[in-house]
Structures are given as C-alpha cells and as structure tokens.
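Visitor: 3D model of this:
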Amino acid sequence: MEDHGVFSDPNRRPTRLQAGIISKIRLENFMCHSNLEIEFGDWVNFITGQNGSGKSAILTALCVAFGSRARGTQRANTIKDFIKTGCSHALVQVEIKNQGEDAFKPELYGDIIIVERRISESASSITLKNSQGRRVGTKKEDLREIVEYFNIDVENPCVIMSQDKSREFLHSGNAKDKFKFFFRATLLQQVDDLLKGIGKQLNDATAMVNHLEQLLRPVLKELSELREKIKTMEFVEEISQQVQLLKKKLAWSWVYDADRKFDRQHKLIEKLKKRIPECQARIDQQHNKVEELSHQLAKKKLQISNMMERTSEVRRMKEDFQQSLSMAVKERLELEEERERKSRQIEKMVQRVKVLEQQVHDLREQYIQNTQAEENEMEERLRELQIHVDEANVNCQRLKEEEDELKQRMSMAEKEIRKISNQIEDVERSYRDTSSRIRELQMHQRNKVTAFGGSRVTSLLQAIERHQHKFRSPPIGPLGAHVKLENGDKWSIAIETAVGRILNAFIVTDHKDALALRACAREANYHQLQIIIYDFSRPRIDIPRHMLPQTDHPTAFSVIRSDNPTVLNVLVDVASAERQVLVKDYDVGKTVAFDKRISNLKEVYTSDGFKMFSRGSVQTVLPPNKNLRAGRLCGSFDNEIKHLEMDALKAKEDAQQGRGLKRAKEEELRDLQGVLSSVKRRRTNVEWQLRSKEFELGDVKKLLSSEATAAPTSTVDELHQDISKLHDEIREKQSLLENLQNRVNEAKIKAKDIRTSFENLCESAKSEIDALALAEQELMMIEKDLHEAEAEKKHYEEVMHTSALNPLKDAETDCRELEHCCKESRRKASIICAESEIEALGGCKESNPEQLSAQLSRMNQQLQRESQKFPESIDDLRMLCEKKQRKISRKQQTYNGFQEKLEACEKALDLRWSKFQRNADLLKRQLTWQFNGHLKKKGISGKIRVSYEEQTLSVEVTMPQDASSSSVHDTRGLSGGERSFSTLCFALALHEMTEAPFRAMDEFDVFMDAVSRKISLDALVDFALAQGSQWIFITPHDISMVKHDERIKKQQMAAPRE
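Guide: Predicted coordinates:
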C-alpha cells in the first residue's frame, strides 16, 4: 500500500508530455567543446564520460540558453568566459518540443522552438526561431515568456542540479542549508519574497498616505482660519449692503430733488410771466410822456430860432466889441510889462556907475598910502619865496612820482592777488566738481541705475514699487538701465551725445499710467522727469534695409542691445537711433555727413563727441562736451575714475601752490602799503609847506602889484569913460521909457472907450436877450424832462429784459434742462434699481441728497477702513474657501480610497500569508511522507523536521538494524552510502513536489558505494519513468547496472584529448 503511494507501475506508461522537453542541444566553441550536438530522449537520458570530457558543460549550456547569468552557473564570472580559448565567439542552440495541447503559440513557432544564444567578446544575443528556422524574436522578454510558460526555472536545484550543487547538497549536513534547498525547490522562497515585498510596498504606501494626510493638516488649519476670516468679513459685507442701499436711495433722492427743483422753476416761470404786463404798462406810460415832451421841445426850438434871428446882429456886434476889448487889454498889459523891464535895466546901470565911481575913489586912496622902501623889501621877499616854492614843487613832484610808482606796483600786486585768488577758486571748484563726479561714478559703479537720474531715481523706483497697483503695466525705466552697448568704451561718448537725452526717461503704456508715474515722481522729489507714452503690446519694429542709412558705418541702433522690445521701439520712434551714424573721427564724419549724399541719414556722431548734420544747404558741426570723458553706457567706469582722481590730485596740488603764492604776494603788498604810507606823509608835509609859501608869495605879489599900479592915469581914464557911456545909455533908456508910458496911457483910454460902447450895446439889447435866455432856459428844462422820461422808459425796458424777459428765458431754459435732468436721473436711477424697490424700502422723497451723500461718504470711508484690514473681497474668499474645501474633500476622498484599497490589500495579504503558511505546513508534511516512501525501498524509515521560524530542516533516519530503534539526527552519523541514499530520497521527495518539463542532475551518485549506487540508480530510474518528465542524468561512473528500457537512452561522451 505504501509502496504504491510512492511509485507507480514502471510498465504503465503515463501520458507523455510533448511540450517543453529538450529534443536537441548544439554547442559551438562553448567551454571545452568545439562542436557538440546531442539529441535527448523524451524520458530518461544518461550521459557518461571521463572527467574533463565536458559533461557538465551541457548543463551549463542549458542554463546559459535559458537566460541565466554567468555568475549564476558558478562556472564563470562573465558570459564571454564561456568562449573556448582561442575562439572569438560561441553558440548555444537548444531545441524544445512544442507539441500537444500545452504547446506555446504553435501557430507562430510550430512543433519545435529553437533557442539560440550567441556569445562574442563584447556582447551576447538571444534569438528565437520556429521549426523552419525562421527568426521569431530577439528580446529577453520573449525568452522569459517561454520560460515562464513552461515553468523552466534553471536556478531551481530541482530543475537543474549542477555538479557543484550536487556536491554541496549531498555533502552538507547543515540544517539551514537543507532548509534553503527545500525552501527554494518548493518555490516557497519565491512566494515568501514576493509576499514580503508586497508587505513592504503596502507599508510604504500606508506611510505615504499617512504623510499625505499629515500634509492636509496645515491646509485644514488654513481653511479654518479662512472661515473665521469670512465670518469676520460678514460685517464688512453688511456695511457694503448698506452702502448699496444708500446708493440706491441717493440715486432716487437726486431724482426727487430734481423734481422739486423742476416744480420750483415752473412756479418761477409763472411769476415772471405775471411781471411782463406791469412792466409793459410802465413802458407805454413813459413812451407817451416822451412823445409829448418831444412835441414841446420842437415847438420851443422853433420859438428860440425866431428870437435868435432877431438878436443875431446884436450878438455879432457884441462879439466884435468883446474881441476889440480883449485886444486892447492885451496890448496895455504888454506895454506895461515892457515899461517895467526898461525900468529895471536903468536901475542896474545906475548901480554900475556907483561901483565904478567907488573904484576910482579906492585907487586914489591906495596910491597915496604906498612908499618906495616897502616896494624894495617886498621884491626881495618875493624872490626868496619864489625859490622856496620852486624847491617845494620839485620835492612834491618827486614824492608824487614815487607815490604813483608805489600805487602802480600795489595795483599790479592786487591784480595778481585777485588773479591768484580766482585761479585758486577755479582750481577748488574743479576739485569739488571732480570729487563729486568721482562719487557719482562710484555710485554708478555700485548701482547702474543711479547713472540715469542719481539717487532720485532709486527713490522713484521705490515709490513705483509701493504704488504698483495703480499702474496698468509696470513702467519701464530708466531707459538707460535697460540697454547696453557693444564696444561700450569705443562708442559710449557718441551714444551719450546721440541719445543721452532720453536715457533718464521712463516709458508707460497710457496717459493714466503717466499721471500715476508723475505722482510717484513728485513723491520722490524727482521733478522734470521725462515720461514717454508707448504701447507695450506693440512687437519689436522690423526696419527694412532700404529705410536704413546706406553706409558701412554702424548706426546708434546697431550697437545698442536690449532684451525689452519696447525700449528698442522707443529708441527708433522717439530718438531715431536707426538714422544716427557713428564714425571714427572728425574727417570721416565730415565726409559721411557733407560730402556723400546718404539717404535716410539724420545725424553723424564721432567717437569723441562731434555732432554733424545738414538741413538743406546749411551744414552744422557741434563740438563735443568738454566735461564728457565717457558715456554712461561705457563698459567700465574704472578708467574714468582713475583719470578723475589724477585730475583731483593735480587740482589739489595746484590749489596748495596757489595759496603759497598768494601769501607771498599779500606779504609784498603789505610792505608796499607801509612804504606808500610813509611817502604820503612826507608828500603831505611838503604840500602843506608849499601851499603856505604859495599863499605868502601870492599875498606879496598882490601887494606889490597894487603898489605898482596905484592910481595909474590910464586906469582912471578908462573908468571915467565907462561911467560916461553908462550915463548916455541911461538917458537913452529913460527916453524910451517915457514913450512906453505914453503908449500905455493911450491903450488904457482905448480899452475904456471900447468897454463903454459894449456896455451901451448890452443895455440896449437886454430885453431881447433876456427873453432869449428865458426861452433857452425853458428849452433846457424840456430837454431835461425829455431825457428823464427817456431814461425812465429805458429803465423800464431794461427792467423788462433783466427782471422779466431774460429771467423768463433763462428760467425756461433751466426748466427744460431740469426736465431733461429729471428724465436722465430717473433713467439712471432705474438702472440702479426700480422705484418700487425704493418705495418698498420706505421711500426717500423727503431725504436730502447732500445728507445721503455725506452719509454714503462716511460709510464708504468706514467700508474702506474695514476693507483695508481684509484686502480680499468676501466673494473671492468664499470662492477660495469653496475651492480649498473641494480640493481637500477630493484629497480626503482619494486618501480614504487609498486607505480602503490598502486595507483590502492588507486583508488579501493576510489571507495569502495564511494560505502560504497552510501550504508550507502541507508541503512540510508531504515532504515527510514522500521521504519515508523512498526510504522504505531500503527498509529505512525517517522523518523530516522543518522549522520555518528558525529556518532549519533536519533529517532523522532510523536504520532497521538498530535494535534500540533510536534515530540518527545528523546524517553525517551514517555511512557514506546510507547518507547518500537518504539524501537522494530527500531530493526525490522534493522532485515529486516540483513541476517542470525536464530535470537534470550532474554527479548525483558521488559519495556512494556500489550497492548504494545500484539502489539509488534503480530508485531514480523508476521514479523518472513513473514521474513522466524528461530526465537528464550526468555521471562519470559505470551505468551498466541500469536496466534496459526503450525509454532509457544512454550516451557516452568522447574521451578528452591529451
């Protein structure tokens, strides 16, 4: 019974597997074989041969053919090591039968699957062919698919047990090694590794999901804070609703206010219309009065005209008398004036005569007093004084010349001091300017932006950043900070001269942004900021070649680089940089600008700053700026700073030298001032002495002259002649005066006569003249009344226009405007809300729009203050909250789904672990049963103990001759044959638990004696024939004792060559 549980009847042939067994293997240059081809039987195959004949190479070739690595065969380190020494390649070809119902893709491969692996020095390849030898596949995945389909696991020791594995398995008595062999052979190792890997992946996935849920906590906290914020902002929303309600009320209050104004204006029109009849009655009354007075005026004028005709002759005579009287009075006055003038002349002549007579008397008196002795003494004194005066004049002149020389030297010294002072001031000013320029360049070097506006531009940029929300698009600027030059050191001065005026400018996209930028500039104290308005959305301008200057010289636009297309467009549209040509020097510039007629050329700039252009026939050359050494777009400011520092040092030294020279000149001037003061004192003393001598000399000369000319006869005679002439002139003047007096008397008599005649004429015409005067007076009264009546009429007409007609016209115009305003206000208010809605809210007809506007302004300010605390709108926050809630909900649902799936996977894994443990326990029992079954053939019993916890497998064998029936726990305690047989039984038990289309064992009978080998071979053959798989046994021993059977094929390997 038990024997039948292990072996079947050898004569009963089981169903033959026709798929997955090896039919042929061919080796070429593989290991020790140059060309080997072996055909295998479908059942049991024995391959024998001497050591070194290459038996084990067959199993190695099978492993290599089915994809095993070189190290996995334990025969080589790399795949190229399998190439036979002296050859360049190797070939392993295995034919697998593919017949029956288990055939693998028979329509593709046919009855035979050929697996071919070629090995070269550099690589190896796999080729799958069908039964006709046609290539089907070359990928490892195709081979893996075949291996997995037929369950060919060449690394499983129960499928292919190589020589090394056989020796290790048969010789080892270690319980852990046996457990590993059992664990791997039964595929429990693979399943255990797979389940552990799945468990690790599940743990990693669980940890990841937990980590993701942890990441949700800050978001949940943020969501909670957002909800609190929304709750807080509901108050702001309530204020906003009140503001909206006030806006509606304000809109309709303006409507009602316009209606009230329209009603008042309509009443005013009615009132003005009532004024018109009253004013018109007054005007008609004054009009009648004016007509009556006009009639009276015409009548009075006719009366006066008749009276004037009668008094015209009297008037003419009266006028003649008045004119004659005027002429007579005028003549009398002129004659009296002439008489007074002649009288004054006679008085002056009388005074002159008296003076001359006194002079004659004085001369005679002086002459009597002088003596001859006094004359001699005075002459001597005169000579001495003249000598002293001459000496004093010489000394005074010498001192004056010396003083003039000193003053000239002092003036020259003062001029030199002023000149030196001016030079020092110029040098110090140059030093300050140079130092300031150095500081500016150093600041530009630290911050390029400051080169285009100084420190003010940084303040402006900060202001722009603070008010960036006010701009539709952020301003671009300063423009110079957004450009750079090619060969900056070469063309920097030319570019600065050409487009330097706009490098400080800012660019904005519209007028609104320009106003906002101007406000920022005022805040930054940046006045006179140049702002250019340009469309930012405009793409970069593509300038056609024919619109550029036709010259080989570069243009300003061609050497400027910028990443911003708007900046480049501004340089073209505003600065015309594409038409500004740059040249090397002055001569080349004149040739390009004036000698050649270059189209599209606007201006020419030289590298040192000259500007040249022509407008019509006028050629203009502008010199460079002397203070400009380098442009702001130059590559580096180091050279200019170095030059400026040298200039500053030289200016400092020049200032020090100038101060020293000035001190020396000031000392020289002080010395000259001392000398000049001494000379002035000496000259003053000499001049004082000279004046005293001159005065004394003058007195002496006068005295001597008066004595010498005392009472000369000629002088007295001349005076008498003058006196007689004056007497003659006086007599002549008196005669003329008498004639003038007579003419005056005659003029008086004439004027008196004319006045008497005029008075007589006036007396005779008095009545007519009085009547005319009365009529004229009445005429004036009528004219006055007429003017007053016309003024009254004009006044009432003006009152009619100013107080009735014009106000009525204006009122009607205002009324029409108010009517239009009412309609427009009602239309606008209806857009905001319907009137019924306002009435439903309580109405606002009595409300004052100004009060509502003030209240709305206060609430808007309150809303603004509250809104500043929360810059976001509540709708945005609610949308954000809902969005976050949906996002969190989706993630929570996703994570919950992950958790559910992970829990399902963990349950499945636990179920599989339980099944795995159950199967492992069943396999452990099955192994013991199969092991006992094989041992009973020799009358031995045994037991296998497997501990999965300790990973050990121990074999207990009970020998039949052991009287004590004690078990051997260590196989090394048995004899060699017994240990080999028991180990073979253990291997067969494992084989019986393993499925594979073919199995191969190499040197399975080592460490066996002849009897054990005979028993073992019989057991192996019977097991192989009964089991049904293809078996390949390789042994160096004699197999003649193996029974003969048509299903057993024996092959002998050729002896190795010497």
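
Visitor: Show me where the stretch 151-300 of the chain dips below the pLDDT cut-off.
Guide: 162-174, 177, 183, 185 (pLDDT under 70).

Visitor: which stretches of it form helices?
Guide: 163-171, 175-185, 188-369 (DSSP state H, counting those that start in this stretch).

Visitor: Likewise for the stretch 451-600 of the chain?
Guide: Under DSSP H, counting those that start in this stretch, the stretch 451-600 of the chain gives helices at 455-466, 488-499, 511-523, 565-573, 586-590.

Visitor: now do the stretch 851-1000 of the chain
Guide: 874-935, 976-992.

Visitor: Distance from the longest one to the middle of the chain?
Guide: I take that to be helix 874-935. With CA atoms, centre = their mean, to the nearest Å as the basis, helix 874-935 stands 55 Å off its chain's centre.

Visitor: helices and strands around that helix, which ones?
Guide: helix 2-6, helix 188-369, strand 941-947, helix 976-992 (3 or more CB pairs under 8 Å, 6 or more residues apart in numbering; DSSP states H and E). To be clear about C-beta, it is placed using only N, CA and C from the backbone, and glycine gets the same treatment.

Visitor: With distance to Gly54 and mean neighbour count as new columns, can these be given to me in JSON lines?
Guide: JSON lines is the format used below for the helices and strands packed on helix 874-935 (distance: least, CB to CB, whole Å; neighbours: other CB atoms under 10 Å):
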{"stretch": "helix 2-6", "distance to Gly54": "35", "mean neighbour count": "12"}
{"stretch": "helix 188-369", "distance to Gly54": "31", "mean neighbour count": "14"}
{"stretch": "strand 941-947", "distance to Gly54": "36", "mean neighbour count": "17"}
{"stretch": "helix 976-992", "distance to Gly54": "24", "mean neighbour count": "23"}
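
Visitor: related to what we said a few turns ago, can I get the helices of the stretch 151-300 of the chain in JSON lines with distance to Met1053?
Guide: Formatted as JSON lines, the helices of the stretch 151-300 of the chain follow (distance: least, CB to CB, whole Å):
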{"stretch": "helix 163-171", "distance to Met1053": "14"}
{"stretch": "helix 175-185", "distance to Met1053": "28"}
{"stretch": "helix 188-369", "distance to Met1053": "34"}
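
Visitor: wait, which of those is closest to Gln1052?
Guide: helix 163-171 (18.2 Å; CB to CB).

Visitor: Would you state the strands of the stretch 401-550 of the chain in chain order?
Guide: Taking DSSP state E, counting those that start in this stretch as the test, the strands found in the stretch 401-550 of the chain are 484-485, 506-508, 531-533.

Visitor: which residue packs closest to Gly658, ignoring adjacent ones?
Guide: In space, and not counting its chain neighbours, Gly658 is closest to Ile424: 4.3 Å by CB to CB, 6 or more residues apart in numbering.

Visitor: Now do the contacts for the one you found.
Guide: Going by CB atoms under 8 Å, 6 or more residues apart in numbering, Ile424 touches Ala655, Gly658, Arg659, Lys662.

Visitor: My read is that Arg579 contacts Ile598, right?
Guide: No: if you go by CB atoms under 8 Å, Arg579 and Ile598 don't touch, sitting 9.9 Å apart.

Visitor: out of the two, which sits in the busier spot?
Guide: Between Arg579 and Ile598, Arg579 has the larger neighbour count (other CB atoms under 10 Å), namely 20 against 15.

Visitor: ok so, going back, which of the helices of the stretch 451-600 of the chain comes out lowest on mean pLDDT?
Guide: Of all the helices of the stretch 451-600 of the chain, mean pLDDT reaches its minimum on helix 488-499 (a mean of 78).

Visitor: Output it in PDB with nothing but the alpha carbons.
Guide: What follows is helix 488-499, C-alpha atoms only, in PDB (Å, rounded to 0.1, in the frame of the first residue of the first chain):
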ATOM      1  CA  GLY A 488      30.900 100.300 -24.900                       C
ATOM      2  CA  ASP A 489      34.300 102.000 -24.400                       C
ATOM      3  CA  LYS A 490      34.500 102.900 -28.100                       C
ATOM      4  CA  TRP A 491      31.100 104.300 -28.800                       C
ATOM      5  CA  SER A 492      30.000 105.400 -25.300                       C
ATOM      6  CA  ILE A 493      30.600 109.100 -25.800                       C
ATOM      7  CA  ALA A 494      28.900 109.100 -29.300                       C
ATOM      8  CA  ILE A 495      25.900 107.300 -27.900                       C
ATOM      9  CA  GLU A 496      25.700 109.600 -25.000                       C
ATOM     10  CA  THR A 497      25.700 112.600 -27.300                       C
ATOM     11  CA  ALA A 498      23.200 111.000 -29.700                       C
ATOM     12  CA  VAL A 499      20.500 109.500 -27.300                       C
END
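
Visitor: Distance from it to the middle of the chain?
Guide: Offset of helix 488-499 from its chain centre (CA atoms, centre = their mean): 25 Å.

Visitor: For the chain, which helix or strand comes out least confident on mean pLDDT?
Guide: For the chain, counting by mean pLDDT, DSSP states H and E, helix 2-6 ranks last in confidence among helices and strands (a mean of 36).

Visitor: Residue ranges in the stretch 801-950 of the chain under the pLDDT threshold?
Guide: 838-847, 866, 868-872, 874, 927, 934, 937-938.

Visitor: let's see 80
Guide: 801-856, 858-878, 892, 916, 919-950 (pLDDT under 80).

Visitor: Same check on the stretch 1-150 of the chain?
Guide: Low-confidence segments of the stretch 1-150 of the chain (pLDDT under 80): 1-18, 50-55, 67-77.

Visitor: and whichever strand or helix holds Lys784, what does it pack onto?
Guide: Using DSSP states H and E, Lys784 maps to helix 766-799. Contact here means 3+ CB pairs under 8 Å, 6+ apart; on that basis helix 766-799 packs against helix 188-369.

Visitor: Would you mind finding the most buried of the helices of the stretch 851-1000 of the chain?
Guide: helix 976-992 (a mean of 23; mean count of other CB atoms under 10 Å).

Visitor: Return the set of buried residues in the strand ranked longest in the chain.
Guide: In the chain, assigned by DSSP state E, the strand with the most residues is strand 19-30. For strand 19-30, burial by neighbour count (16 or more other CB atoms under 10 Å) applies to Ala19, Gly20, Ile21, Ile22, Ser23, Ile25, Arg26, Leu27, Glu28, Asn29, Phe30.

Visitor: so which two of the residues you listed are the farthest from each other?
Guide: Among the buried residues of strand 19-30, Ala19 and Asn29 lie farthest apart (CB to CB), at 30.2 Å.

Visitor: quick one on the thing from earlier: now the strands of the stretch 401-550 of the chain in a markdown table, with distance to Lys221?
Guide: Listed next are the strands of the stretch 401-550 of the chain as a markdown table, based on distance: least, CB to CB, whole Å:
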| stretch | distance to Lys221 |
| --- | --- |
| strand 484-485 | 49 |
| strand 506-508 | 43 |
| strand 531-533 | 47 |
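
Visitor: Format these as a markdown table; extra columns: mean neighbour count, mean pLDDT and distance to Arg615.
Guide: A markdown table is the format used below for the strands of the stretch 401-550 of the chain (neighbours: other CB atoms under 10 Å; pLDDT from 0 to 100; distance: least, CB to CB, whole Å):
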| stretch | mean neighbour count | mean pLDDT | distance to Arg615 |
| --- | --- | --- | --- |
| strand 484-485 | 17 | 82 | 28 |
| strand 506-508 | 26 | 92 | 29 |
| strand 531-533 | 16 | 89 | 25 |
